[in-house]
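J.: Sequence unavailable; structure follows:
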């Protein structure tokens, strides 16, 4: 990862690991103030680390405010892709990320989403790493190699 300031690799790693562990353990993506407090680091240092991680496509920052929008596959805000597992509800930006949450956590899960064409509810069930119930098909309107051209749209 290319560094744009004095933020060390150790700080970047510490911030990254904290964000992803918190997201996996709590179903909540932590934000800069919480990260800084938990790690005992200045908020400005954490914010710079998050900018560098975002530049490296490790996570996505919300436009104009520096908060984390997503630590892929975990979305920081409610979305149409809800993953129920381990007694918690997680959010994915898209179906790809919803399935990624299940793979990351390695647990049985139910994914609730809406059909992108007709908005009918869709239900996917994953048990022992296998999709046991699914409805519809998954369609990616943007080829994967173009997702980061505009990740918010994709």
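T.: Thanks, I have it. All values derive from a computational prediction rather than experimental measurement. Residues are numbered from 1 along each chain as shown.
J.: just the helices in this structure please.
T.: 9-26, 32-39, 43-55, 95-105 (DSSP state H).
J.: can those go into TSV with extra columns for mean neighbour count and distance to residue 111?
T.: C-beta: built from backbone N, CA, C; applies to glycine. Formatted as TSV, these follow (neighbours: other CB atoms under 10 Å; distance: least, CB to CB, whole Å):
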stretch	mean neighbour count	distance to residue 111
helix 9-26	16	16
helix 32-39	17	27
helix 43-55	19	26
helix 95-105	19	5
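J.: TSV for these, including mean pLDDT?
T.: As requested, the helices of the chain are exported to TSV (pLDDT from 0 to 100):
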stretch	mean pLDDT
helix 9-26	97
helix 32-39	98
helix 43-55	96
helix 95-105	94
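J.: Take the ones you listed and write them to CSV, including distance to residue 88.
T.: Below are those laid out as CSV (distance: least, CB to CB, whole Å):
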stretch, distance to residue 88
helix 9-26, 7
helix 32-39, 18
helix 43-55, 23
helix 95-105, 9
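J.: do you know which of those lies nearest residue 73?
T.: Between residue 73 and the helices of the chain, the shortest separation by CB to CB is 3.3 Å, and it involves helix 95-105.
J.: Residues in contact with that closest one: which ones?
T.: Residues outside helix 95-105 that contact it (CB atoms under 8 Å, 6 or more residues apart in numbering) are 24, 70, 72-75, 81-83, 85-86, 90, 92, 109, 111, 113, 124, 126, 138, 140.
J.: In contact with residue 28, which residues?
T.: 22, 76.
J.: now it: how far from residue 75?
T.: Distance of residue 28 to residue 75, given as CB to CB, to the nearest Å: 11 Å.
J.: How about the residue most central in space within the chain: what's its closest non-neighbour residue?
T.: A centroid search over the chain (CA atoms, centre = their mean) returns residue 74, at 2.3 Å, as the residue closest to the centre. Spatial nearest neighbour of residue 74, excluding adjacent residues (CB to CB, 6 or more residues apart in numbering): residue 23 at 3.9 Å.
J.: repeat for residue 128
T.: residue 108 is the one closest to residue 128 (CB to CB, 6+ apart), at 7.0 Å.
J.: Could you chop the protein up by domain?
T.: Per automatic domain parsing, the domain ranges recorded for the chain read 9-73, 78-141.
J.: residues contacting the residue lying closest to residue 42 once chain neighbours are set aside?
T.: Once flanking residues are discounted, residue 42 sits nearest to residue 36: 6.4 Å by CB to CB, 6+ apart. Applying CB under 8 Å, 6+ apart to residue 36 gives the contacts 42, 43, 45, 46.
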